[in-house]
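Student: Just a sequence and a predicted model for now, questions to come.
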Amino acid sequence: MDIGCNLPKSRSLTYLLYKRGWKGVKVDISPRSIKLNKLIRSKDINLNISVGKNESIIDAYIFYDNCSMNTVDKKFKEYTKKSVNKEPTILRLEQLRLNTILKNHEINKIDYLNIDVEGNEENVLDGFAIKKYSPELVSIEIHSEKCPPTNNKIYKFFTSNGYKLSSIYGWTYFFEKYNNRKVHFDY
């Protein structure tokens with residue numbers, strides 16, 4: 001499950017898994033990103049929607065094709081506007097809860113969950129029953145100056161649900177089930 005998948009190959013945390021035969025659901029607010037994913041990763045389910053705690057039609061802020069900082073979060077939109085020195089195009093887009101997407105596609109278990117949604121991560125988690133789907137491994141962006149961000153809501157969400165921090169790469173934090181003894185990606 002890849003929420004905020006962006007490009008199908010470049011900088012993708014799921015592309016090598018796809019090459020090894022894994023398939024899953026990928027979601028992005030950029031129509032162009034999803035078109036590229038459908039073309040290059042056709043075995044995956046590719047959805048041009050937003051994921052959050054409320055199911056509604058929302059504003060998606062698209063700065064340019066394949067911008068890794070496109071967002072639905074208003075605060076992050078302002079940050080990106082300054083970073084790229086450009087006004088975004090605003091698209092009206094359907095937003096669903098992660099639980100709804102999983103139910104609609106009859107997914108009962110997640111091996112790997114990646115969430116990279118530029119400031120909307122907490123809202124994604126608010127629509128997700130982690131104990132029901134029990135992902136083995138989760139990667140998620142946490143924008144915090146403290147490392148590890150032990151007082152952060154996202155960090156607390158995982159540690160209070162039986163996960164431990166296993167790795168950090170930039171803003172991306174990797175959590176695994178606390179008593180997990182599996183090798184996640186055995187090559």
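Tutor: Received the coordinates, thanks. Numbers count the residues shown, from 1 in each chain.

Student: C-alpha only now, for contacts and for neighbours.
Tutor: Noted.

Student: just checking, what packs against the worst-scoring helix or strand of the chain on mean pLDDT?
Tutor: Within the chain, no helix or strand scores below helix 74-84, which has a mean of 91 by mean pLDDT, DSSP states H and E. Helix 74-84 sits against no helix or strand, with contacts defined as 3 or more C-alpha pairs under 8 Å, 6 or more residues apart in numbering; DSSP states H and E.

Student: Which parts of this structure are strands?
Tutor: 2-3, 25-27, 45-47, 50-51, 56-62, 89-96, 112-115, 137-141, 163-169, 172-177 (DSSP state E).

Student: Tell me the helices and strands packed up against the fifth one.
Tutor: So the one you mean is strand 56-62. Using 3+ C-alpha pairs under 8 Å, 6+ apart: strand 56-62 touches strand 89-96.

Student: Return the set of buried residues in the strand it packs on.
Tutor: Using 16 or more other C-alpha atoms under 10 Å as the test for burial, strand 89-96 gives Leu91, Leu93, Glu94, Gln95, Leu96.

Student: Paired strands for that strand, with orientation please.
Tutor: strand 50-51 (parallel), strand 56-62 (antiparallel) (DSSP bridges).

Student: Among those, which comes closest to Pro149?
Tutor: Nearest to Pro149, of all the strands paired with strand 89-96, is strand 50-51, at 23.5 Å by C-alpha to C-alpha.

Student: and the residue nearest to the spatial centre of the chain, bridged to which residues?
Tutor: Among the residues of the chain, the one closest to the centroid is Ile115, at 2.1 Å (C-alpha atoms, centre = their mean). Bridge pairing for Ile115 (DSSP bridges) gives the partners Ile3, Ile140.
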